[in-house]
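Chemist: Okay, structure incoming, though there's no sequence with it:
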């Protein structure tokens with residue numbers, strides 16, 4: 001049980017595996033009024049940057065669960081580096097279906113709603129671990145503007161045009177699930193660049209160092225396709241944000 005090596009290679013330099021930077025993550029933590037002693041469950045926690053830095057800056061604690069052995073090890077090292085390993089536990093495992101043994105103050109799934117089969121299923125999964133009155137954080141894509149053709153839809157890695165909402169439609173969708181959006185931090189084109197462009201350097205350096213590897217052709221294709229899709233489609237059409245929800 002692990003992430004494909006191709007993803008680990010592409011994101012080998014990333015501390016944050018989504019198109020938000022450390023400044024936006026800290027901004028969200030301040031906006032939410034996080035307090036010492038609060039607990040968090042982060043499903044698909046990646047390299048653990050959000051939980052670790054919030055533990056350092058706001059005094060919270062909690063658990064992160066991720067399917068990647070490489071990213072989980074990196075999260076554990078980051079917790080030790082920031083001096084929060086006594087409050088932050090990172091577990092290698094399948095986040096799909098994971099429920100905390102005790103309700104927590106904050107549940108999160110940032111950019112990995114496939115663990116619940118989509119947004120609605122992920123909300124339902126996170127709800128099982130959330131105390132009454134707690135905060136739920138969902139990272140999700142949406143259309144920044146209406147995609148004009150099928151090439152744009154596919155270039156943004158959407159199955160169909162209708163598989164993503166507009167920003168207003170996504171907020172309405174959360175509303176229909178019984179949750180109020182109470183805060184949000186949205187990616188801009190620069191933060192998309194800072195997520196996407198490092199993939200290219202990571203892959204190119206890996207290719208230069210592994211010319212005979214069995215994944216070399218796949219990674220070369222990945223580099224060519226991802227680069228074109230980002231500059232032609234994603235920067236202009238694909239939005240992304242972290243949405244803070246409270247159940248009505």
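Modeler: Yep, it's here. Because the structure is a prediction, the values reported are computed rather than measured.
Chemist: those strands in this structure, which residues are they?
Modeler: 39-43, 61-66, 88-92, 104-110, 130-143, 179-186, 238-247 (DSSP state E).
Chemist: how about JSON lines for these, with mean pLDDT, mean neighbour count and distance to residue 117 added?
Modeler: Quick note: C-beta positions are derived from backbone N, CA and C, even for glycine. As requested, those are exported to JSON lines (pLDDT from 0 to 100; neighbours: other Cβ atoms under 10 Å; distance: least, Cβ to Cβ, whole Å):
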{"stretch": "strand 39-43", "mean pLDDT": "98", "mean neighbour count": "25", "distance to residue 117": "13"}
{"stretch": "strand 61-66", "mean pLDDT": "98", "mean neighbour count": "23", "distance to residue 117": "17"}
{"stretch": "strand 88-92", "mean pLDDT": "97", "mean neighbour count": "20", "distance to residue 117": "21"}
{"stretch": "strand 104-110", "mean pLDDT": "98", "mean neighbour count": "24", "distance to residue 117": "12"}
{"stretch": "strand 130-143", "mean pLDDT": "98", "mean neighbour count": "19", "distance to residue 117": "14"}
{"stretch": "strand 179-186", "mean pLDDT": "98", "mean neighbour count": "17", "distance to residue 117": "17"}
{"stretch": "strand 238-247", "mean pLDDT": "98", "mean neighbour count": "21", "distance to residue 117": "18"}
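Chemist: Can you lay out the ones you listed as TSV showing distance to residue 214?
Modeler: Conversion of the strands of the chain to TSV gives the following (distance: least, Cβ to Cβ, whole Å):
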stretch	distance to residue 214
strand 39-43	31
strand 61-66	25
strand 88-92	25
strand 104-110	32
strand 130-143	31
strand 179-186	39
strand 238-247	31
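Chemist: quick one, which of these is nearest to residue 163?
Modeler: strand 130-143 (9.4 Å; Cβ to Cβ).
Chemist: Which strands or helices does that closest one pack on?
Modeler: Applying 3 or more Cβ pairs under 8 Å, 6 or more residues apart in numbering; DSSP states H and E, we find strand 130-143 packed against strand 104-110, helix 119-127, helix 167-176, strand 238-247.
Chemist: how about 6 Å then?
Modeler: Contact partners of strand 130-143 among helices and strands, from 3 or more Cβ pairs under 6 Å, 6 or more residues apart in numbering; DSSP states H and E: strand 104-110, strand 238-247.
Chemist: So in this structure, which helix runs the longest?
Modeler: Longest among the helix segments of the chain by residue count, using DSSP state H, is helix 189-209.
Chemist: any idea how far that helix is from the chain center?
Modeler: On the basis of Cα atoms, centre = their mean, to the nearest Å, the separation between the geometric centre of helix 189-209 and that of its chain is 17 Å.
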